[in-house]
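Trainee: After the sequence you'll find the predicted model.
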Amino acid sequence: MAAQAFSSLADNALFIAAIALIQELHGPDWLAPMMKWSFALAYVVLAAFVGALADSFPKGRVMFSTNALKVAGCMLMFSYANIGVPSQYQTYLVCMAYGIVGIGAAAYSPAKYGIVTEMLPPAMLVKGNSWIEGLTVFSIILGTVLGGLLISSSVSAALLSHSFIGKLVHTPAEAAILVIAFVYLLAALCNLLIPHTHVRYPPQQKNPVRLVRTFWGYVRVLWKDKLGQISLAVTTLFWGAGATLQLIVIEWGRSHLGYQLDKASMLMGVAALGTVVGSILAGRIPLRRALSVLPVGAAMGLVVLLMPLVYSPWSVYLLLLITGGLAGFFVVPMNALLQHRGHVLLSAGHSIAVQNFNEQLNILLMVAMYTLLLWLQLPINVIIVIFGTVVAVLMVVFMRWSKRNLQANPELHEQIGQEGHGRALDSSH
């Protein structure tokens, strides 16, 4: 939990620091969502391969190696001015460096989630997942806050005035990136402490063409499963909406509330508290009742619609707290259900890779739509109304979909929590 929390914290702090660096280099505004897009693209492109990687080696070792790749991307970004790239192309180098971090994150994810199903029985998955998911969401939002703090005038001035740091960096963004590199190193130390679970998987396929073909088979398995398809649809929507909401809140804070980048990014920290509380409360929900939280997702979409109506700090904070709480409460049981079905039907690494593929593909789609709306110069409050409405309507569709599945297949209730591992893999041989 500590390893993935620190690593995710650094990923998201680096995103804010990279935006600040692009602003210092006078890069175009569209590079910020493009960085988010390039980060998600790595998950989609590598989805067929990272599951096999995670199941081929001890997951603690995989997490350490992929975290090292994140450090390499971070240091490439830090060295943007020292490797001979012309000044007019340095902003693109920053974007590419964050894409390298995305490659490390894509390979890291199946290992960090897959190890949960290796350590815990099905009955403990919701409770364990509530802590894992709570820390993951919390680290995403807190990382945004940390990035905002590091580039703020007071903190950056203190860093730049330090005798050692001042010799290495010259701008607030450079100082922030240097600090974030040490957070990645802290995550690496935690990775070294992860115990070996001694879980063994069959030898993994190494032929790239066969890996892609096999991966598409895994995707079909989860989408055809009547429980897997609902939980996969919900978590896919959640992560796509979450990535877009991060960008929306930063822009909303800037244009609607008049905040600078550092203060606007800290608004997500308010939602973090609600998310963690919601995730912990969700840990009380038995796995068999995971589908009962679907209406909470629709409520989250409706609450987002209130954002254009609030201005005072307390109303802003209360709204973000409620939004975060609803998000944490409904995604934890759905993620646990998806991990459970993936573990029963496939393997830990492959099921998480399928989940990441779908979620990151939706991030690509929703961030691209958000970028298009910005390009069309729609006001941020109009974009928020479109966003909240789409989320609420899709959640209602998923609720009706789930109800029809349960009515047509009453035995689905008995499948939740059943023992088993890799049943679809066994039947395919």
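Mentor: That came through, no problem.

Trainee: What pLDDT does the model give the residue located most distally from the centre of the chain?
Mentor: Here the chain has its C-alpha centre computed as a mean, and the residue farthest from that point, by C-alpha atoms, centre = their mean, is residue 163 with 35.9 Å. The predicted local confidence for residue 163 comes out at a pLDDT of 78.

Trainee: Pull the contacting residues for it.
Mentor: Taking C-beta atoms under 8 Å, 6 or more residues apart in numbering as the criterion, residue 163 is in contact with no other residue. For the C-beta atoms, the positions are set from N, CA and C on the backbone; glycine is no exception.

Trainee: Surely residue 141 and residue 275 touch.
Mentor: Yes - in this structure, residue 141 sits in contact with residue 275. The criterion is C-beta atoms under 8 Å, and the distance is 6.5 Å.

Trainee: my read: residue 192 touches residue 64, true?
Mentor: Yes - judged on C-beta under 8 Å, residue 192 makes contact with residue 64 at a distance of 6.2 Å.

Trainee: higher neighbour count, those two?
Mentor: Each of residue 192 and residue 64 had its neighbours counted (other C-beta atoms under 10 Å), and the higher figure belongs to residue 64 (20 against 11).

Trainee: dump the residue contacts of the more buried one.
Mentor: Contact partners of residue 64, counting by C-beta under 8 Å, 6+ apart, are 188, 191, 192.

Trainee: you'd agree the first one is up against residue 69?
Mentor: In other words, residue 188. No - using C-beta under 8 Å, residue 188 and residue 69 do not qualify as a contacting pair, with a distance of 11.0 Å.

Trainee: Buried residues in the helix or strand harbouring residue 221, which are they?
Mentor: Using DSSP states H and E, the element containing residue 221 is helix 208-224. Within helix 208-224, the residues that count as buried by 16 or more other C-beta atoms under 10 Å are 211, 214, 215, 218, 219, 221, 222.

Trainee: Now do the domain split for the protein, please.
Mentor: The chain breaks down by the TED database into domains covering 1-194, 225-414.

Trainee: average model confidence for the shortest one?
Mentor: Computed over domain 225-414, the mean pLDDT rounds to 83.

Trainee: Reformat the buried residues of helix 208-224 into JSON lines and put distance to residue 351 next to each item.
Mentor: Converted to JSON lines, the buried residues of helix 208-224 look like this (distance: C-beta to C-beta, whole Å):
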{"residue": "211", "distance to residue 351": "15"}
{"residue": "214", "distance to residue 351": "13"}
{"residue": "215", "distance to residue 351": "11"}
{"residue": "218", "distance to residue 351": "7"}
{"residue": "219", "distance to residue 351": "10"}
{"residue": "221", "distance to residue 351": "9"}
{"residue": "222", "distance to residue 351": "7"}
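
Trainee: And for the helix holding residue 221, what's in contact with it?
Mentor: Residues outside helix 208-224 that contact it (C-beta under 8 Å, 6+ apart): 47-49, 51-52, 205, 228-229, 232, 338, 341-342, 345-346, 350-351, 353-355, 357-358, 424, 428.

Trainee: Tell me the helix or strand right after it.
Mentor: helix 228-255.

Trainee: Tell me which other helices or strands that following helix touches.
Mentor: In terms of contacts (3 or more C-beta pairs under 8 Å, 6 or more residues apart in numbering; DSSP states H and E), helix 228-255 is packed against helix 31-56, helix 125-151, helix 208-224, helix 261-282, helix 294-304, helix 313-345, helix 348-375, helix 380-408.

Trainee: Please export the C-alpha coordinates of stretch 342-357 as CSV.
Mentor: Output in CSV follows, covering the C-alpha atoms of stretch 342-357 (Å, rounded to 0.1, in the frame of the first residue of the first chain):
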residue,chain,number,x,y,z
GLY,A,342,-11.1,-11.4,-13.0
HIS,A,343,-9.3,-13.6,-10.5
VAL,A,344,-11.9,-16.4,-10.8
LEU,A,345,-12.0,-16.2,-14.6
LEU,A,346,-8.5,-15.2,-15.6
SER,A,347,-5.3,-14.4,-13.5
ALA,A,348,-4.4,-11.5,-11.3
GLY,A,349,-2.1,-9.8,-13.8
HIS,A,350,-4.2,-10.4,-16.9
SER,A,351,-7.5,-9.3,-15.3
ILE,A,352,-6.0,-6.0,-14.1
ALA,A,353,-4.4,-5.5,-17.6
VAL,A,354,-7.9,-5.8,-19.1
GLN,A,355,-9.3,-3.4,-16.5
ASN,A,356,-6.5,-0.9,-17.2
PHE,A,357,-7.0,-1.2,-21.0
